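In: quick one, what's the 3D model for this:
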Amino acid sequence: MDKKSGNIILIGMISGAILGAVCGYFFNESIIHIKFIGTLFLNALKMVVIPLVVASMIVGVTSLGDVSKLGKTSMKTIFFYLVTTSFSVIVGLILVNIIKPGEGIENFGAFVPDIVKSSERKTLIDVITGLVPSNIFNAATKGQILPLIVFSLLFGGVLTSIGEKGKQVIAFFEGINAAMMKIVVLIIWFSPIGVFALIGGIVAEQKGSLDQLISGLGWYSLTVVLGLLVHATITLPLILKAFGRKNPFQYFINMGQALATAFTTASSTATLPITMECAVKKNNIDSRASSFVLPLGATINMDGTALYEAVAALFIAQIYGIELTLGNQIVIFLTATLASIGAAGIPHAGTVMMVIVLGAVGLPLEGLGLIWAIDWFLDRCRTTVNVWGDSCGAAVISNTKEFNNNKQ
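Out: Sure, this is the predicted structure:
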């Protein structure tokens, strides 16, 4: 897709989001009836995720040539994501300790959301064992991306070691990858309409909770959003400029379609196809790097989610009057950073992983019910930051010697 067409679609997506929010608020009953259009758009994005992730990861791995580069690239990518996630959690902890949004708020209405009840016993061990599925096809049908990435890395690495037979299979996946990206471009053309219907439906259904964004939970919402803004406009751009050698403002503008989609869908996984398209076509990121880094980032890089988990944990502690020591907050820092890796790139995944964070310092799960009413909004904010962090990671890794020394 050329830059002019991309800019037109981006303007259409922004206009669709604004118009959808306005129509959803004032004509909520009518908008709810057309929400299915947004669902079709979201389903179309999800439809291409599995084949795109598998094909792009295999192509990305095999294009590195020397298998030893895979290990180096993997370590650098994971290190980058852990560092940026750590920075985001630190920002969140500093702000929540300064603002103290939970002080003076009653803990009435506390409950455990249904989405959390099914994950109350989930541990970090479960996340680790889930990396190697007993049935790869079952993992695919359930949308479990991380196991697919592990399998694709292994499969791609083996293909580079079996000679001519491997080249035939590589060519097959290169064809699939190209076809999937073509489908993504077709889906993007319908994104303004899809964004309008999705945002309109969300606002229409959540109209009653909008008041809570500026009332009892206003300071909490402000703390989370402020933390996300600091990370997205200061921390990540500085890293992007220093290590990715990119103009942060121009890079951000070029990622506009992906960021708008992330806010609309609240899913970094569903946004992945558009993230890859924007990174390669608009920001000229090495396709080998984007094929490897972005699918991995959409699964394990959750800067915004980790920040939210840290802020939410301290917010709940403040409401219940529980004093958390420096040691407790260090535990939250470590747990939020690690738990975010296991958070699936789907709506409300961060809330599910809060089970681990709250359990680590003995906070009540019922506290999640206090913030559930506005999670739909904050989920979109943190997902947008997650995707922005993924795209910055692609630029940084593509600027490493593994790619600079072997430009194609």
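In: surely residue 387 touches residue 256?
Out: No: using C-beta atoms under 8 Å, residue 387 is not in contact with residue 256, being 11.1 Å away. For glycine as for every other residue, the C-beta is placed from the backbone atoms N, C-alpha and C.
In: next secondary structure after the host helix or strand of residue 223?
Out: Under the criterion of DSSP states H and E, residue 223 resides in helix 218-230. Moving toward the C-terminus from helix 218-230, the next helix or strand (DSSP H and E) is helix 236-243.
In: and that following helix with helix 218-230, angle?
Out: Calculated by axes from the mean of the first three to the mean of the last three C-alpha atoms, to 10 degrees, helix 236-243 forms an angle of 10 degrees with helix 218-230.
In: buried ones in helix 236-243?
Out: Applying a neighbour-count criterion of 16 or more other C-beta atoms under 10 Å, one finds 236-237, 239-241, 243 buried in helix 236-243.
In: show me where pLDDT drops low in the protein?
Out: Within the chain, the ranges that satisfy pLDDT under 70 run 1-3, 65-69, 106-127, 208-216, 339-352, 405-408.
In: backbone phi and psi for the residue lying farthest from the centre of it, please?
Out: The centre of the chain is farthest from one residue, residue 164, which by C-alpha atoms, centre = their mean lies 37.4 Å away. Main-chain torsions, residue 164, degrees, to the nearest 10: phi -60, psi -40.
In: what is the helix holding residue 223 packed up against?
Out: Applying 3 or more C-beta pairs under 8 Å, 6 or more residues apart in numbering; DSSP states H and E, one finds that helix 218-230 contacts helix 67-99, helix 303-319, helix 375-398.
In: need the contact partners of it.
Out: For helix 218-230, the external contacting residues (C-beta atoms under 8 Å, 6 or more residues apart in numbering) are 88, 91-92, 95-96, 99, 101-102, 212-213, 304, 307-308, 311-312, 315, 371, 374, 377-378, 381-382, 384-385.
In: that helix: how far from the chain's middle?
Out: 18 Å (C-alpha atoms, centre = their mean, to the nearest Å).
In: what's the burial count for residue 188?
Out: 25 (other C-beta atoms under 10 Å).
In: next helix or strand past the host helix or strand of it?
Out: Element membership for residue 188 (DSSP H and E) is helix 164-189. The first helix or strand that comes after helix 164-189 along the chain, using DSSP H and E, is helix 191-205.
In: what is that following helix packed up against?
Out: Using 3+ C-beta pairs under 8 Å, 6+ apart, the elements in contact with helix 191-205 are helix 3-26, helix 28-33, helix 35-63, helix 256-265.
In: could I get the buried residue list for the second one?
Out: Under the neighbour-count criterion of 16+ other C-beta under 10 Å, helix 28-33 has 28, 31 buried.
In: what helices or strands is that helix leaning on?
Out: Under the contact criterion of 3+ C-beta pairs under 8 Å, 6+ apart, helix 28-33 touches helix 3-26, helix 191-205.
In: need the winner for burial among the ones you listed.
Out: The highest mean neighbour count among the helices and strands packed on helix 28-33, using mean count of other C-beta atoms under 10 Å, belongs to helix 191-205: a mean of 23.
In: identify the residues contacting that one?
Out: Outside of helix 191-205, the residues within contact range by C-beta under 8 Å, 6+ apart are 9, 12-13, 15-17, 19-21, 23-25, 27-29, 31-32, 34-42, 44, 210, 257, 260-261, 264-265, 274, 376.
In: flag every buried residue along the helix holding residue 223.
Out: Within helix 218-230, the residues that qualify as buried are 219-221, 223-228, 230, counting by 16+ other C-beta under 10 Å.
In: angle of it against helix 375-398?
Out: Here helix 218-230 runs at an angle of 10 degrees relative to helix 375-398 (the same axes, to 10 degrees).
In: quick one: helix 218-230 to helix 67-99, angle?
Out: 140 degrees.
In: CA-only coordinates of stretch 175-183 in CSV, if you can.
Out: Provided in CSV are the C-alpha atoms of stretch 175-183 (Å, rounded to 0.1, in the frame of the first residue of the first chain):
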residue,chain,number,x,y,z
GLY,A,175,4.2,-17.8,-0.6
ILE,A,176,1.8,-18.1,2.4
ASN,A,177,3.3,-15.1,4.0
ALA,A,178,3.0,-12.9,0.9
ALA,A,179,-0.6,-14.0,0.4
MET,A,180,-1.5,-13.2,4.1
MET,A,181,0.0,-9.7,3.8
LYS,A,182,-2.1,-9.1,0.6
ILE,A,183,-5.2,-10.1,2.5
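In: isn't residue 275 right next to residue 298, touching?
Out: Yes: with contact defined as C-beta under 8 Å, residue 275 counts as touching residue 298 (7.1 Å).
In: overlap in contacts, the two.
Out: With C-beta under 8 Å, 6+ apart as the test, residue 275 and residue 298 both reach 268, 387, 390.
In: quick one: residue 325 and residue 332, what's the gap?
Out: Separation of residue 325 from residue 332 (C-beta to C-beta, to the nearest Å): 11 Å.
In: cool, residue 177 as well?
Out: 40 Å.
In: the more surrounded of these two?
Out: Taking neighbours as other C-beta under 10 Å, residue 177 and residue 332 compare with residue 332 leading, 27 against 22.
In: so who does that one touch?
Out: Remark: with contacts taken as C-beta under 8 Å, 6+ apart, residue 332 is in contact with 89, 93, 309-310, 313-314, 324, 357, 360-361.
In: in PyMOL, select just the buried ones from the residues you listed.
Out: Applying 16+ other C-beta under 10 Å to the contacts of residue 332 leaves a buried subset, and the PyMOL line that selects it is:
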select buried, resi 89+93+309+310+313+314+324+357+360+361
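In: got the phi/psi numbers for residue 399?
Out: phi -100, psi 10.
In: doesn't residue 243 make contact with it?
Out: Yes: between residue 399 and residue 243 there is a contact at 6.5 Å, judged by C-beta under 8 Å.
In: residue contacts, the nearest residue to residue 195 once chain neighbours are set aside?
Out: Excluding its sequence neighbours, the residue lying closest to residue 195 (C-beta to C-beta, 6 or more residues apart in numbering) is residue 16, at 4.2 Å. Residues counted as contacts of residue 16 (C-beta under 8 Å, 6+ apart) are 191-196, 199.
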